[in-house]
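S.K.: generate coordinates for the sequence data below:
(2 chains)
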Amino acid sequence: MVGPNIAFWIIALVMAYAGVRLVTTRNVVHAALYLMIVLAGTAAIFLLLGAEFLGWTQVLVYIGAIVVLFLFGVMLTRATYGESKGLDNDQRVLAATVAVIVFLVFAGAMWKAFGASTEIVLEKSTTVSELGRDLMTNWVLPFEAVSLVLLASLIGAITLARRDDPEHVRDRGVER
Amino acid sequence: MDWVDYLIRSVVAVVVFAAILGTCTLLVWFERRGAAWMQVRVGPNKAGPFGLLQTVADAVKLLTKEVFVPDSADPLVYRIAPLLSLLPAFLALTIVPFGPGFHIGDRYVPMQIADLNIGILWLLCMSSIAVYGYILAGWSSGSKYPLLGAVRQSAQVISYELVMSLAIIPVVIWAGTLSTSGIVEAQSRYHWYVVPLIVPAIAFFVSGIAETNRPPFDLVEAESELVAGAITEYGGVRFMMFFLAEYTNIITISAITTTLFLGGWNGPILFGTIAGWSVVPLWGLFWFLLKTGVLLFVFIWVRVSLPRLRYDQLMTFGWKIMIGVNVAVVLAVSFVIALMEQGALPMFWAPPGR
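M.R.: Numbering: from 1, shown residues only, chains lettered A, B, ... in the order given. I've put the predicted structure just below:
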């Protein structure tokens, strides 16, 4: 299996470069675009492994919605051209620790699952209906747990964004 | 698959591509001439018969203009943005089945560039990538009106993409497949989905108008407020790419609405042969083009008839009405299908066996 391995290394190198540039670039919009490249690389690896549905869902959700929301937020608040100031803060150590821990956890899981084998195992690709049935039978509890987390964060966001003081309500009075 | 099959597929792709470009040209012409006709004006009438060559003349003019990058622009992103707009527009059309496939000898000729298992997901992906074209164009131009256009664009498209996905879900549940050719086939056995799913059909088309930034949802390029929105600073070929992308998107929305709700290429076959040659696949193509053509007409009709919405109206309509109604429809359709499969309801609008 030479082809998939070559493709994997190309994708991985592009992703690593984009990942580094993502945190080193001084331009917020460029950072969002580098993030888009990293996420596209993840989707490409899913496709490489035959997970068609997962790969395109990744494109749809992360590239199509989340990075667009980032860009929207950036443009609404600080759409500077060229370099922006104040992008650094003093939490580098904490961030590096978290990154290393996440890396170790993932690397450990991968090592446990595949060992030293570098062969990419291409299984028969899973159809959407199989995926759906699995999600609704074997994995229904984690599925529900995730949706609860999403619901909680949604409610949290509304609580944070909403201000019920009378002055604020009067400002929005244009709407009928 | 040997090289002959690849050759056949390449020919199909080239023919479809050429047909799209031709349709775009005609559509731009009709946009002007037809709008003039509806508004009792004359419209373009100098270049060619009925002004038909006006679009060609405009294209030549745009192609020969100077290609430039404004001083204040972000050069790389400014150059990439038109490509990010045009490429997904063309790629989205690859999953549309234009007619039933047929055989020449023992070779199968599909009337569809790519028949993906996850066809509808592909469409949503492409339309979500196409957003970048406008947003990045607006940001990279380094000017204030394009930026305002880009902000409006991202808010509008995020809102209406939700509506579009929600309008597609009932079709997928009903047909039991994500593949576009599968959905058309399911409609040939029973009924066109516009009959039971009239609400999502309308919602899909309306959100399609919003996604393509057409009036009455064209706040993104509202000329009286924003000059030309995100593409104000573009000229020449790069402007033409945005322009072409907009019209390709209109064709895509019409073609996909036909595929999902109007039975695709299904239609009565009035006669089967001409001089001993079977013309059945051509009837499929004919009905497909007819339905898509009618929807294209509706696009322009709506543009000429309706005034632009106000921004808060746009958002209220999207979030409070369209999304609410469509979530209710998704729930109702799942419930009805579940009852039918349990035998509690007669299989009147029978979904194909799964």
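
S.K.: quick one: average pLDDT of the host helix or strand of residue B:60?
M.R.: For residue B:60, the enclosing helix or strand under DSSP states H and E is helix B:54-63. Regarding helix B:54-63, the rounded mean pLDDT is 84.

S.K.: got a list of what the residue of chain A at minimum distance from chain B touches?
M.R.: Closest approach between chain A and chain B, counting by CB to the nearest CB: residue A:64, at 2.6 Å. Every residue, glycine included, has its C-beta placed from N, CA and C. By CB atoms under 8 Å, 6 or more residues apart in numbering or on different chains, residue A:64 lies in contact with B:124, B:125, B:128, B:129, B:131, B:161.

S.K.: thinking again about what came up before, next SSE after the helix holding residue B:60?
M.R.: Later in the chain than helix B:54-63, the nearest helix or strand by DSSP H and E is helix B:75-92.

S.K.: any idea how far the residue nearest to residue A:67 when sequence neighbours are not counted is from residue A:157?
M.R.: In space, residue A:67 comes closest to residue A:36 once its chain neighbours are excluded; the distance is 4.9 Å by CB to CB, 6 or more residues apart in numbering or on different chains. With distances taken as CB to CB, to the nearest Å, residue A:36 is found 23 Å from residue A:157.

S.K.: quick one, which of the two is more surrounded?
M.R.: The residue with the greater number of neighbours, taking residue A:36 and residue A:157 and applying other CB atoms under 10 Å in any protein chain shown, is residue A:36; the counts read 23 against 10.

S.K.: so the more buried one is in which element?
M.R.: Assignment of secondary structure by DSSP H and E places residue A:36 within helix A:28-48.

S.K.: check which element follows that helix along the chain.
M.R.: For helix A:28-48, the succeeding helix or strand toward the C-terminus, using DSSP H and E, is helix A:52-58.

S.K.: list the buried residues in that next one.
M.R.: For helix A:52-58, a neighbour-count test (16 or more other CB atoms under 10 Å in any protein chain shown) marks A:52, A:53, A:54, A:55, A:56, A:57, A:58 as buried.

S.K.: could you point out which element follows it?
M.R.: Of the helices and strands lying after helix A:52-58 in sequence (DSSP H and E), the nearest is helix A:67-77.

S.K.: with just CA atoms, put that following helix into PDB.
M.R.: Extracted in PDB, the C-alpha atoms of helix A:67-77 (Å, rounded to 0.1, in the frame of the first residue of the first chain):
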ATOM      1  CA  VAL A  67     -14.300  28.600  10.800                       C
ATOM      2  CA  VAL A  68     -16.900  30.800   9.000                       C
ATOM      3  CA  LEU A  69     -18.200  31.800  12.500                       C
ATOM      4  CA  PHE A  70     -14.600  32.600  13.500                       C
ATOM      5  CA  LEU A  71     -14.200  34.800  10.500                       C
ATOM      6  CA  PHE A  72     -17.600  36.400  11.200                       C
ATOM      7  CA  GLY A  73     -16.500  37.200  14.700                       C
ATOM      8  CA  VAL A  74     -13.200  38.600  13.600                       C
ATOM      9  CA  MET A  75     -14.700  40.800  11.000                       C
ATOM     10  CA  LEU A  76     -17.400  42.100  13.400                       C
ATOM     11  CA  THR A  77     -14.800  43.000  16.100                       C
END
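
S.K.: would you mind pulling up the elements that that helix packs against?
M.R.: Other elements packing on helix A:67-77 under the criterion 3 or more CB pairs under 8 Å, 6 or more residues apart in numbering or on different chains; DSSP states H and E are helix A:28-48, helix B:119-140, helix B:144-175.

S.K.: tell me the angle of the very next helix or strand once past the last one relative to helix B:119-140?
M.R.: Same thing as helix B:144-175. Moving toward the C-terminus from helix B:144-175, the first helix or strand encountered (DSSP H and E) is helix B:180-189. Orientation note: helix B:180-189 sits at an angle of 130 degrees relative to helix B:119-140 (axes from the mean of the first three to the mean of the last three CA atoms, to 10 degrees).

S.K.: can you list the buried residues in helix B:180-189?
M.R.: Along helix B:180-189, the positions that meet the burial threshold by neighbour count (16+ other CB under 10 Å) are B:180, B:181, B:182, B:183, B:184, B:185, B:186, B:187.

S.K.: quick one: the helix or strand following that helix to helix B:119-140, angle?
M.R.: Per DSSP H and E, the first helix or strand lying C-terminal to helix B:180-189 is helix B:198-211. With the same axes, to 10 degrees as the criterion, the two stretches helix B:198-211 and helix B:119-140 enclose an angle of 30 degrees.

S.K.: look up the closest residue to the spatially most central residue of chain A, ignoring the ones flanking it.
M.R.: In chain A, the C-alpha closest to the average C-alpha coordinate belongs to residue A:62, at a distance of 5.5 Å (CA atoms, centre = their mean). Taking CB to CB, 6+ apart, and ignoring the residues beside it in sequence, residue A:62 has residue A:39 as its nearest neighbour in space, at 4.4 Å.

S.K.: list the contacts for that neighbour?
M.R.: A:58, A:59, A:62, A:63, A:67.

S.K.: on that earlier part again, if we check chain B, which of the buried residues of helix A:52-58 are in contact?
M.R.: With the criterion set as CB under 8 Å from any CB of the partner chain, the members of the buried residues of helix A:52-58 near chain B are A:52, A:53, A:56, A:57.

S.K.: before I go, just wanted to say thanks for your time.
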